[in-house]
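Chemist: I'd like to go over a predicted model; first the sequence, then the structure.
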Amino acid sequence: MEEKGIVYRLGWVLYWAFCIMAGLAALLAGTGIIASIAGAMDQDEAAISFWLGLGVFAFMVWLMGRAIRYVLAGD
């Protein structure tokens with residue numbers, strides 16, 4: 001059986017770190033969108049665009065983590 005090196009483990013650690021950051025950003029974006037739609041916050045078009053942009057940012061963070069895992073761990 002082949003030993004997994006430190007670079008492999010680093011790839012997985014960074015992937016999970018990026019997943020946590022993306023999850024927190026997505027949670028914040030979802031909460032902001034729901035609050036804006038429900039009327040608890042300003043329903044300004046700029047505010048909703050900000051929350052949607054934060055959701056896109058969360059997706060991009062997750063993709064970066066996935067790319068790092070692919071490069072370092074080969075998965």
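Modeler: Received it, and whenever you're ready, just let me know what you need.
Chemist: Next one: the residue nearest the centre of the chain from Gly32, what distance?
Modeler: The centre of the chain sits closest to Ala22, judged by C-alpha atoms, centre = their mean, with a distance of 1.7 Å. Per C-beta to C-beta, to the nearest Å, Ala22 is found 16 Å from Gly32. For the C-beta atoms, the positions are set from N, CA and C on the backbone; glycine is no exception.
Chemist: chain center to the top helix by length along the chain, what's the gap?
Modeler: Determined from DSSP state H, the single longest helix within the chain is helix 6-38. Distance of helix 6-38 from the chain centroid (C-alpha atoms, centre = their mean, to the nearest Å) equals 3 Å.
Chemist: avg pLDDT for the following helix or strand past that helix?
Modeler: For helix 6-38, the succeeding helix or strand toward the C-terminus, using DSSP states H and E, is helix 45-73. The average pLDDT within helix 45-73 is 92.
Chemist: Give the buried residues for helix 45-73.
Modeler: 48, 51, 54-55, 57-58, 61-62, 65, 68-69, 72-73 (16 or more other C-beta atoms under 10 Å).
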